[in-house]
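A.B. asks: let me see the structure of the following:
(chains A and B)
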Amino acid sequence: MGRYIIRRLISILPTLIGVTFVIFMFQRLIPGDPAVAMLGEHATQENVERIREQFGLNRPLFLDREALVQGDLRGFFDSQYIRYLGRLVRFDLGNSIHRRIPVAETLMLRFPATVELAFLSMLIAIIIGLPVGIASAARRNSVIDGVTMIGSLVGVSMPIFWLGLMEIMLFAVFLKWLPTGGRLSSGVEVETITHLILVDSLLTGNIKAFIDALQHIIMPAAALATIPMAIIARMTRSSMLDVLQEDYIRTAKAKGLEERVVLFRHALKNAFLPVITIIGLQAGTLLAGAVLTETIFSWPGIGKWVYDSILGRDYPIVQGGTLLIAIIFLFINLLVDISYAWLDPRIHYD
Amino acid sequence: MTESTPEDIGVLDFAVREHRSLWLDAWRRLISSNTARLGMFIVGVFILSAVLAHYFWKYDAKTDLDYSLKLKPPNLVATEKIKSIHPFGTDKLGRDIFRRTVHGGWNSLRVGIVAVGISLFVGGLLGLLAGFYESINITYLERIFLMGLTGLFLGSLSAWIAGQPIQALLFTGLGVISVLLSNFLAGKNTRLVLFAGIGLLLGAGPALLVGPLVAVVCGFLGIIVGAILSMPMGGRLFSNIVMRLMDIILSFPGYLLAIAIVAFLGPGLEKGMIAIGVVGIPVYARLARSAVLSVIQKEYILAAQSVGEAHGRIIFRYIFPNILSPIIVQTTMGLANAILSAAALGFLGLGAIPPEAEWGAMLGDSYRYLTSGAWWAVLYPGLAIMLSVLGFNLLGDGLRDALDPKLRI
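C.D. replies: Now for the predicted structure:
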């Protein structure tokens, strides 16, 4: 198992390098000179040159031929891409162009907001999706099953940004029960420990802030949970249906076991594997892909920040955020693979 | 006693039964399913209304503006105040939302279809070739082609560093020779050393003319390239390269990559099509590859190989028709996804350029005056997105049941 994990870790290295390459090229290919972007339109030629020198923007992209011909091996590798990789290894993602703050620090500050939202959505999706899937498999072709199948198909087809807008319309504009967006109302303060506001407010016993935070997170979490919920319900149903046809289920029923025991002890355990895979993959998507939901609910997470930066042409943020998201995505998929091999003894990992 | 015909007994003998093709069978299963019929109906209504509106109901988004009708709720009968009928109400600029929703369908569906076309063509072809060459021994000619190309590709780096294009050709030649002499010292380490040595000569030799350090670097590269070329590489190499490239695309979450591509290309419907199409490529590549791998072991492929059919013919005559069903299903579902992504891009202001009518862009527009309480401006465009996506998903579900009754997800 240990060897399998190490091998899988090594196997994502080329992909990781490919990802850095794509992100690097992406920034280089975007029209416009980064030095001019940093200084503004009215910068003098001299200042532009100075910035280019300072950030190594006058170096070649990958390898410096000229330096090699002149016998300078160090200079040969002193290129923009290699420098970029060097900075990445030191967790230096550069500074935001507009606000001049380090990207890495802000990413770490914003990441908990995304994690909090993704985690709560996943929780909602599992708590509802799993039982519904089991119930509809147990009562195949019943009314419950029909409603689940149609409901899950509608859920998969749901444009979540529209759902989010409708939620705001109903609960925030017409009923005025919930706030339209943000993470906390202004004036409500929470001592930061983990940067997860729900956790922090509970830890410090600040119930008022907890309720306020809950009111803010519930709409985006519900919107974000829709698609994973539908997918989990469908997957659970089909996986359970497969298992319920097995001989050992018939044996268990023939023994006179209660249906509940057969369903949860015998069937669910074996039907769980594909469901876990789906949950893992969806968790990756949630952590990474909440751009739309975060934008609609002004949720201060990574997705919204990256999107705002794309519009504002603040490329270090776009690069850093995209890289972080891609790496998280890769590692969650890797974890899913490994857990698969770990949970299913039939899979050989050599 | 009269003789009973098969019809009387109610059982048709196989010989008597009318001939039905595989596709006809699938079609009958499809139209016998309620969900598929519903899906077909929804998809049909949307496509028909979009096409008819585009050709027969003139609409010019640029001149459509009437402040006197600003944000009017839906009405089905004309009144004193509002003389025109707006079944879906009007938006901030007094534009009829019903009209814009119907016309928006043309843009939204078009983006979906073109995007899926791009991913299907590129991804499907790559996956087909990757799956095929992964499991079939490649022919002599293909091996020469592959190794020559590998040599050319790897040699180009050395050629670029030394500034001598001739090196790329030399390494191409080395790749070809490696195939021609594939039985020479096969499986022995001597072969590796020999080729690495030749690589050193090819790399360092011409580079010496440029400078000593260049020669060292190029020689080092040459050793690696030579060693790689000495190994018997086959189709697995090709498949590996393609699938790793797909992994790279897949490691970016879909929406984000599409947004990034549009940010790079600039907003616009066409750019959106390309972005969504590129993001979808790996899905079809993986699907096509795994489908090929599942049919390639079948006897009919072996039979085709043993009678000496060309590889291209095997791929397109024997494999392609047999992996068509999962691809058709995925394409239908993919259309649903592409429409959703297109709307998302439009919503973020990265798709259709205003004032053009497109569902996502219409929602993005209404987002700005959400607090005014104009629910109709939010409800109808979103409903159109959801229903059309649902239609394609229903149809895809039905198609899967019809084309492959064994599959059930």
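A.B. asks: make it CA atoms for all contacts and neighbour counts henceforth
C.D. replies: OK.
A.B. asks: which residues touch B:Asp247?
C.D. replies: A:15, B:282 (CA atoms under 8 Å, 6 or more residues apart in numbering or on different chains).
A.B. asks: just the element for A:Asn62, please.
C.D. replies: Let me fix one detail, which is that residue A:62 is Phe and not Asn. Using DSSP states H and E, A:Phe62 falls within no helix or strand.
A.B. asks: spell out which parts of the stretch 201-350 of chain A neighbour chain B.
C.D. replies: By CA under 8 Å from any CA of the partner chain, the part of the stretch 201-350 of chain A that sits against chain B consists of A:234-235, A:238-239, A:285, A:288-289, A:291-292, A:310-311, A:322, A:325-327, A:329-330.
A.B. asks: residues from the stretch 151-300 of chain B in reach of chain A?
C.D. replies: Checking the stretch 151-300 of chain B against chain A by CA under 8 Å from any CA, the hits are B:161-162, B:210-214, B:244-245, B:247-248, B:251-256, B:260, B:263-264.
A.B. asks: could you find the closest non-adjacent residue to the residue nearest to the spatial centre of chain B?
C.D. replies: Compute the mean C-alpha point of chain B, and by CA atoms, centre = their mean the closest residue is B:Ser119, 1.7 Å away. Closest residue to B:Ser119 apart from its sequence neighbours, by CA to CA, 6 or more residues apart in numbering or on different chains: B:Ile281 at 4.2 Å.
A.B. asks: what are the buried residues along the helix or strand in which the one you found is found?
C.D. replies: B:Ile281 is part of helix B:269-295 when elements are defined by DSSP H and E. By 16 or more other CA atoms under 10 Å in any protein chain shown, the buried positions in helix B:269-295 come out as B:269-293, B:295.
A.B. asks: surely A:Pro179 is within a strand?
C.D. replies: No: counting by DSSP: H, G, I helix; E, B strand; the rest coil, A:Pro179 is not part of a strand but coil.
A.B. asks: how much space between it and A:Ala43?
C.D. replies: Counting by CA to CA, to the nearest Å, the separation of A:Pro179 from A:Ala43 is 43 Å.
A.B. asks: got any ranges where the stretch 51-200 of chain A has weak pLDDT?
C.D. replies: A:55, A:68-69, A:71-73 (pLDDT under 70).
A.B. asks: for it, which segments count as helices?
C.D. replies: According to DSSP state H, counting those that start in this stretch, the stretch 51-200 of chain A carries its helices in the segments A:65-69, A:73-77, A:80-89, A:103-138, A:143-156, A:160-167, A:197-203.
A.B. asks: confirm the residue nearest to the centre of chain B sits in a helix?
C.D. replies: Yes: assignment of B:Ser119 by three-state DSSP places it within a helix.
A.B. asks: residues contacting it?
C.D. replies: Going by CA under 8 Å, 6+ apart, B:Ser119 touches B:277-282, B:284.
A.B. asks: distance of A:Ser186 relative to chain B?
C.D. replies: In this view, A:Ser186 and chain B are 19 Å apart by CA to the nearest CA, to the nearest Å.
A.B. asks: with A:Gly129 instead?
C.D. replies: Applying CA to the nearest CA to A:Gly129 and chain B gives a distance of 15 Å.
A.B. asks: can you give me the neighbour number for that residue?
C.D. replies: Look at A:Gly129: counted by other CA atoms under 10 Å in any protein chain shown, it has 26 neighbours.
A.B. asks: wait, isn't it in contact with A:Ile232?
C.D. replies: Yes: judged on CA atoms under 8 Å, A:Gly129 makes contact with A:Ile232 at a distance of 5.4 Å.
A.B. asks: give me the number of residues near B:Leu383?
C.D. replies: B:Leu383: 17 neighbours (other CA under 10 Å).
A.B. asks: got it, and A:Ile6?
C.D. replies: What A:Ile6 shows, counting by other CA under 10 Å, is a neighbour count of 10.
A.B. asks: ramachandran coordinates for it?
C.D. replies: Per-residue torsions, A:Ile6: phi -60, psi -40 (degrees, to the nearest 10).
A.B. asks: quick one: it from A:Leu13, how far?
C.D. replies: A:Ile6 sits 11 Å away from A:Leu13, going by CA to CA.
A.B. asks: for B:Leu229, what are its contacts?
C.D. replies: B:Leu229 sits next to B:147, B:150-151, B:174-175, B:178, B:195 when contact means CA under 8 Å, 6+ apart.
A.B. asks: identify each buried residue in the helix or strand containing A:Asn47, please.
C.D. replies: For A:Asn47, the host element (DSSP H and E) is helix A:45-54. By 16+ other CA under 10 Å, the buried positions in helix A:45-54 come out as A:48, A:51-52.
A.B. asks: pull up the distance across stretch A:174-183, start to finish.
C.D. replies: End-to-end span of stretch A:174-183 (CA to CA): 20 Å.
A.B. asks: could you list the buried residues of that stretch?
C.D. replies: So stretch A:174-183, judged by 16+ other CA under 10 Å, has buried residues A:178-183.
A.B. asks: contacts for it next, please.
C.D. replies: For stretch A:174-183, using CA under 8 Å, 6+ apart, the contacting residues are A:168, A:171-173, A:213, A:215-217, A:296-300, B:373.
A.B. asks: one step back: tell me which of the helices of the stretch 51-200 of chain A sits nearest to B:Thr63.
C.D. replies: Proximity to B:Thr63 (CA to CA) singles out helix A:160-167 among these, at 27.1 Å.
A.B. asks: what's next to the closest one, contact-wise?
C.D. replies: Residues from elsewhere that reach helix A:160-167, judged by CA under 8 Å, 6+ apart: A:219-220, A:223-224, A:226, A:292-293, A:296-297, B:344, B:363, B:367, B:370, B:375, B:378-379, B:382.
A.B. asks: report the buried members of these.
C.D. replies: Neighbour-count burial (16+ other CA under 10 Å) is assigned, among those, to A:219-220, A:223-224, A:226, A:292-293, A:296-297, B:344, B:363, B:367, B:370, B:375, B:378-379, B:382.
A.B. asks: so which of the residues you listed are in helices?
C.D. replies: Residues of the buried ones among the contacts of helix A:160-167 located in helices (DSSP state H): A:219-220, A:223-224, A:226, A:292-293, A:296, B:344, B:363, B:367, B:375, B:378-379, B:382.
A.B. asks: picking up where we left off before, between the contacts of B:Leu229, which is nearest chain A?
C.D. replies: Distances from chain A to the contacts of B:Leu229, taken as CA to the nearest CA, are shortest for B:Thr150 (18.0 Å).
A.B. asks: quick check: closest non-adjacent residue to A:Ile124.
C.D. replies: In space, A:Ile124 is closest to A:Ala225, 6.3 Å off (CA to CA, 6+ apart).
A.B. asks: thought that neighbour was touching A:Ala125?
C.D. replies: Yes: with contacts counted by CA under 8 Å, A:Ala225 reaches A:Ala125, the gap being 5.2 Å.
A.B. asks: neighbour-wise, which of the two wins?
C.D. replies: Neighbours per residue, other CA under 10 Å: of A:Ala225 and A:Ala125, the larger number sits with A:Ala225, 27 against 24.
A.B. asks: find me the pLDDT at the more buried one, would you?
C.D. replies: For A:Ala225, the model assigns a pLDDT of 91.
A.B. asks: A:Gln27 too?
C.D. replies: Note on A:Gln27: pLDDT of 70.
A.B. asks: that one and A:Ile317 touch, don't they?
C.D. replies: No: using CA under 8 Å, A:Gln27 makes no contact with A:Ile317, being 10.8 Å away.
A.B. asks: still on that earlier bit, just the helices of the stretch 51-200 of chain A: most buried one?
C.D. replies: helix A:160-167 (a mean of 24; mean count of other CA atoms under 10 Å in any protein chain shown).
A.B. asks: next one: that helix to chain centre, how far?
C.D. replies: Its chain's C-alpha centre and that of helix A:160-167 lie 19 Å apart, by CA atoms, centre = their mean, to the nearest Å.
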